[in-house]
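Enquirer: Let me see the structure of the following:
(2 chains)
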Amino acid sequence: MWNYIPHTPEGKQKMLEALGIKSVDELFEDIPKEVQMKGIYDIPGPMSEDELVKHMQCLDGKNLNLDSCACFLGAGVYDHFVPSVVDAVASRGEFYTAYTPYQPEISQGTLQAIFEYQSMICELTGMYVTNASMYDGASAFAESAFMACTATKREKVLCSKAVNPEYRAVLRTYTRFRGVQVEEFGYEDGQVDIKDLEGKLGDEIAAVMIQSPNFFGVIEDIARIAEAAHSKGAMMIVSADPISLAMLEAPGHLGADIVTGEGQALGNQPSFGGPHFGFLAATEKLLRRMPGRIVGQTVDTQGRRGFVLTLQAREQHIRREKATSNICTNQSLCALMGAVYMVAMGKEGLKEVASLCYNKAHYTMEGLVKRGFKRAFSAPFFKEFVVLSPKPVKELNDALLKQGFIGGYDLSCHYPEIGQGWLIAVTERRTKEEIDRFVDIAGGEAL
Amino acid sequence: MKKPVELIFELSKAGRKAYSLPACDVPEADEKIPEKFARKVDARLPEVFEVDVVRHFTRLSQLNYAVDLGFYPLGSCTMKYNPKVNESVSRLPGFLKLHPYQPEESVQGALKLIYDLEGMLCEITGMDKATLQPAAGAHGEMTGLMIIKAALEHRGEGKRNKIIIPDSAHGTNPASASMVGFEVLEVKSDERGNVDVEDLKKLMSDEVAGIMLTNPNTLGLFEERITEIARIIHDAGGLLYYDGANLNANLGKARPGDMGFDVVHLNLHKTFSTPHGGGGPGSGPIAVKKELVPFLPVPVVERDGDRYYLDYDRPLSIGKVRSFYGNFNVMVKAYAYILTMGPEGLKEAAECAVLNANYLMKRLRDYFDLPFDRWCKHEFVISGNKQKKATGVTTLDMVKRLIDYGFHPPTVYFPLIVPEAMMVEPTETESLETLDAFAECMIKIAKEAEEAPEVVKDSPKTTPISRLDEVTAAKRPIVKWDFDK
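Expert: Model prediction:
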């Protein structure tokens, strides 16, 4: 007997009799002999619950978790505070063991929560519509390029080199197979090199794609870049950090046509890179070109307010090869966690988080500069910044790790032209004491 | 009956808060955000207190149906029980609070888990190497097709730009093919519900890159001529892609790798018990045969003695399909499930899933049309055509009535080749008592459809809202709260 399989020998026997067969093997006789499995899998198990827990704790112990050290590493995933209400809601079986809400009468919980999520993402980004989530920030960014290509009937996009290298890698993979061309433009003092961009902008460009704050943490002049893009009929695509949007102007108010981003910072734990969620928001004009699920408000037969998955004619299960995207399963529960986080933080809380990050990051930067590190760029930044390390970043990070600190991201692999660039992220979770020690150790190592 | 819940925005009162943050312990930065970049008007997020948050979302949760509440016979979705121990081990701090760019020596447990899970999935599928990077089934399909395309281009056969897909396939199959720039050729199903091999032969040419198959297919039927199909495709220089949506039926019984498939994707959120989360997150690993290994996405987790590391140095790789290494926390749950079940447990799961499906089919066959009369695997398809013709009660009406009796409807109107289709997948985690109760209900509804069709057409009656106006929702979309009203 198995605790996940309720069949008793008697019950099985009754079912076999009802089917008029002697053994369950008869149900598998239509599998060609030559492909029927002979032995059993060579895999471990079965394990009792207690054995399993011990085994998992052993693996868990081989990882250094962020609660037992102080993390100054970001580069797309951040150690933000997650209030307890987030996991309390996400742990409810009614949410996490539900399927996609295709039967609205018994899925209003999920549907309304997504509608609230959509409303808040639209408010943060300044856009008209968002979908119910994408896999992550990178795939949301890549899919937005396809939206721009179909909308403009053009097949080439320009992407800033200051966009997260993971996002650019995913964009390259997605576009390569679809026959969409990607050209990159450079940066100057950590910001989009507007001259390089304008030199590359032509009538064949579907979109200009940037990130703000960009991979270096630097805030881009979205309005200026959007103006350049629109002058050639190209769309403006911005990938944004949702926490920053409490302080920084919404890209939608600065001319963005599509705003995407990684939602992890909103109530999702780092989790070794996933699951998190991507968001993708757009103008009203692009409503019917959106990939993925969208929840809409409507009424029932009695005129009561209710929510449904809507505009499904865009989607793969209706439109098949002509769908706007192949996405089906998304990251719904992660987006729900994002929604609970945004509700719990609310209008003032999110501003406070942003402001704490901003001040602590600047305090850390000043400390490092005092200890002899050079700032790589003078452009304004939000919660992340780049300094130049006098010695290889790996050596610095190794020394920090020994003292319980996770150091910043080593830029030398993707941005060798910067030199020994060290990308430091500081969230609201870092205390002055941690920052001071971090600066001390790093400063000592840099001597 | 539960009542509809107000929107969180309707509860908002200026000045309320549900958070507590530390006071700022560093001096305010001298450097201010330049005026032109600063936000002018605050984002109007709700202002509520903590109890509001908890009550609001708890009340919302109560408007949902879920596996934890009852039977969820959705065909091709494998709504099996989501074990609680998997949830708790997935929340261990070393899994949850781990940064993907931490130094390799500080994430050895996570890398080992990925490496070992990949190995187990290869053994289960009969393949040589796996990647856990894809975030969902459709994402796995896209990744697998990219690998096929890259391998063909590498062979100098880039002109192969057509993919064959059965008319019974999931919508994601053709949609994924389009994402990768393939043209779709549809192959017909024959009268036994298999791929029509004669039709397949006619479609073959030197422009065919391969075929995408689900086996058992979406009718719940095993492709009896799979080895012949594999030969036809391979002889013509194409490759076989296995859609793992229905792998649950094959556990311990037959492996896609042995059937001749070159690439497979799996849905950890179906076969390997991880929860569906109201639409995600899932995880859609793919596994490939030896010849395709160089094309796998980067990074690949490799092992050197006791040390695990990420290998990015793979010149033929298709690149990345998402950031980092995939939906890691979902992998933790699937790994825990496989270890709990072990080889015998997985085989037992497949056998009981197939036994359950055949038993239910047997109980319902006299009351509904049965388009394909043969042993099914983990799911079966019946049709409400009989009822529709007799009294105008549709499949949609009947499954909405099912809601009144406390069950989630099966998958409906799919596969597209069966009119008024109902696709039922009971999974192995449901008992004989549950199956009997469900069968009794279906039979009762079939009778109601005949004797009291209006009752069925007006259902559901027991839910907080009745059927919704989906046409207006799509015509005049309201996709967010109107903050200005």
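Enquirer: Which residue ranges of the stretch 351-485 of chain B form helices?
Expert: In the stretch 351-485 of chain B, the segments counted as helices under DSSP state H, counting those that start in this stretch are B:385-391, B:395-404, B:432-451, B:453-457, B:470-475.
Enquirer: Looking at those helices, spot the one closest to residue B:19.
Expert: When the helices of the stretch 351-485 of chain B are compared by C-beta to C-beta, helix B:470-475 sits nearest residue B:19, at 33.7 Å. All C-beta spots, glycine's among them, are computed from the backbone N, C-alpha and C.
Enquirer: same for that closest one, what does it pack against?
Expert: strand A:294-299, strand A:305-310 (3 or more C-beta pairs under 8 Å, 6 or more residues apart in numbering or on different chains; DSSP states H and E).
Enquirer: before we move on, the earlier item: now the helices of the stretch 351-485 of chain B as TSV including mean neighbour count?
Expert: Converted to TSV, the helices of the stretch 351-485 of chain B look like this (neighbours: other C-beta atoms under 10 Å in any protein chain shown):
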stretch	mean neighbour count
helix B:385-391	17
helix B:395-404	23
helix B:432-451	18
helix B:453-457	18
helix B:470-475	16
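Enquirer: Turn the ones you listed into TSV, columns for mean pLDDT.
Expert: TSV is the format used below for the helices of the stretch 351-485 of chain B (pLDDT from 0 to 100):
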stretch	mean pLDDT
helix B:385-391	97
helix B:395-404	98
helix B:432-451	98
helix B:453-457	97
helix B:470-475	95
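Enquirer: Redo those as JSON lines? Include distance to residue A:137.
Expert: Formatted as JSON lines, the helices of the stretch 351-485 of chain B follow (distance: least, C-beta to C-beta, whole Å):
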{"stretch": "helix B:385-391", "distance to residue A:137": "46"}
{"stretch": "helix B:395-404", "distance to residue A:137": "37"}
{"stretch": "helix B:432-451", "distance to residue A:137": "41"}
{"stretch": "helix B:453-457", "distance to residue A:137": "45"}
{"stretch": "helix B:470-475", "distance to residue A:137": "28"}
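Enquirer: before we move on, back to that, redo the helices and strands packed on helix B:470-475 as a markdown table? Include mean pLDDT and distance to residue A:412.
Expert: A markdown table is the format used below for these (pLDDT from 0 to 100; distance: least, C-beta to C-beta, whole Å):
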| stretch | mean pLDDT | distance to residue A:412 |
| --- | --- | --- |
| strand A:294-299 | 98 | 42 |
| strand A:305-310 | 97 | 46 |
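Enquirer: Tabulate these (a markdown table), appending mean neighbour count and distance to residue A:276.
Expert: Below are those laid out as a markdown table (neighbours: other C-beta atoms under 10 Å in any protein chain shown; distance: least, C-beta to C-beta, whole Å):
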| stretch | mean neighbour count | distance to residue A:276 |
| --- | --- | --- |
| strand A:294-299 | 24 | 20 |
| strand A:305-310 | 24 | 22 |
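Enquirer: Export those as TSV, with columns for distance to residue B:231.
Expert: Formatted as TSV, these follow (distance: least, C-beta to C-beta, whole Å):
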stretch	distance to residue B:231
strand A:294-299	44
strand A:305-310	42
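Enquirer: Make CSV out of the ones you listed and add distance to chain B.
Expert: Output for the helices and strands packed on helix B:470-475, formatted as CSV (distance: least, C-beta to the nearest C-beta, whole Å):
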stretch, distance to chain B
strand A:294-299, 4
strand A:305-310, 4
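Enquirer: Mind listing the strands the longest strand seen in chain A pairs with, and their directions?
Expert: If you go by DSSP state E, chain A has its longest strand at strand A:205-212. Strand A:205-212 sits in its sheet next to strand A:156-160 (parallel), strand A:235-240 (parallel), going by DSSP bridges.
Enquirer: How far off centre is it?
Expert: Strand A:205-212 has its C-alpha centroid displaced from the chain centroid by 18 Å (C-alpha atoms, centre = their mean, to the nearest Å).
Enquirer: Which residues does the helix or strand that comes right after it contact?
Expert: Using DSSP states H and E, the helix or strand that follows strand A:205-212 towards the C-terminus is helix A:222-231. Helix A:222-231 has contacts (C-beta atoms under 8 Å, 6 or more residues apart in numbering or on different chains) with A:192, A:194, A:197-198, A:201, A:205, A:207-208, A:210, A:212, A:235-236, A:238, A:249, A:251, A:254-256, B:36.
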